[in-house]
Every structure is written in C-alpha cells, then in structure tokens.
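Asker: would you be able to build a 3D model of this:
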Amino acid sequence: MKFQVKNGSVECIRTYSNNKQSVIVRFDENLKIAAPHVISKLSQDELLSLDEWLAERELIKDAPTGDNLLCLLPSLMDKAITALDHTDNIDQEAYSLLLAASEKLHEKLLSVEDVVVKKSSKLTAINRTEANKERIKQVKKDLL
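Answerer: Have a look, this model is predicted:
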C-alpha cells in the first residue's frame, strides 16, 4: 500500500501481485486520522501503514521551517545541478548569487560542530517525494 497526496486528497493505492495499482479510497488531506470509510476499505496491515504515514506527515508539518528547508536543500540542489547540465548559459546575477550562496553554505557546514542522527529524519512510511511535497507546503505556509 502506498499513499500520495493529490488534488487535496490522500490516495490509498494498493499494488497487486501483477504490479497493477489501483486507488482503493481517497480522503481529505487535512485529516490526521483515518475516517470510517477509509477504515472499512483497508486491511489491518494497510491501516497500520496509513497510521505510520499520517504520523510521519505530522512530524514534517510540526518541524521548524529551518529543519524542513535543510531536508529539502539536497533535492533542490540536485534539481539545480540537473538544470545547469541542460543549459548553455546562465544569467550573471543568478550565477553570482548561486556562487556566493554555495560558498556561504559550505563555510556554515564546515563550522557545524555537532552532527547528530535524529529519529525524525528517519522517515520510513512516507517516501521521499511525498515527504518533500509536505516540506514544501509547510515551508511555503511558514514563509508567506
């Protein structure tokens, strides 16, 4: 069972033995627990997976903006690197800003004295793409 947010709803998607997938049930993305109509459609194991997924979404939503930004940054940097791979030129101002920002980031990272493994950074039920979607929504909400 996998879960994804699409058009304001969480979709519960079952994968069958022939790798065919189908949406079993949808529910409002703002719900924090499974609604009765969802419970009736999923197996016990699928409900446990959904509960874990919802709990991890809440961890992301409750995380400070800075933590979400730092979790998003590697993916954003990968996208920027891919964009640079596919362009022949770059605007001078963008070039200067990116270079300065990357140098500042490098210096800040080198100055961090205590690098720890946080339990909240070890998400298992929610995949990276869905986690990043949630982080982007949360950062956007916090910054605007």
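
Asker: any idea how far the residue located most distally from the centre of the chain is from residue 53?
Answerer: Of all residues in the chain, residue 92 has its C-alpha farthest from the mean position, at 31.5 Å, by C-alpha atoms, centre = their mean. Counting by C-beta to C-beta, to the nearest Å, the gap from residue 92 to residue 53 is 45 Å. Quick note: C-beta positions are derived from backbone N, CA and C, even for glycine.

Asker: same question for residue 89.
Answerer: 43 Å.

Asker: what does stretch 82-98 contact?
Answerer: The contact list for stretch 82-98 (C-beta atoms under 8 Å, 6 or more residues apart in numbering) reads residue 80.

Asker: start the count at 704 instead of 1 going forward.
Answerer: Taking 704 as the first residue, the last one we looked at is stretch 785-801.

Asker: quick one: mean pLDDT for that stretch?
Answerer: Taken as a whole, stretch 785-801 has a mean pLDDT of 95.

Asker: of all the residues in stretch 708-724, which ones are buried?
Answerer: 712, 713, 714, 715, 717 (16 or more other C-beta atoms under 10 Å).

Asker: quick check: the gap between the first one and residue 741.
Answerer: Residue 712 sits at a distance of 11 Å from residue 741 (criterion: C-beta to C-beta).

Asker: and which of the buried residues of stretch 708-724 is nearest residue 773?
Answerer: Closest approach between the buried residues of stretch 708-724 and residue 773, by C-beta to C-beta: residue 713, at 25.6 Å.

Asker: give the contact list for the closest one.
Answerer: 706, 707, 729, 730, 731, 732, 734.

Asker: with pLDDT, neighbour count and distance to residue 846 added, can I get these in TSV?
Answerer: Shown next, in TSV, are the contacts of residue 713 (pLDDT from 0 to 100; neighbours: other C-beta atoms under 10 Å; distance: C-beta to C-beta, whole Å):
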residue	pLDDT	neighbour count	distance to residue 846
706	95	19	26
707	94	16	24
729	96	17	29
730	96	17	28
731	95	9	24
732	94	15	20
734	93	12	25
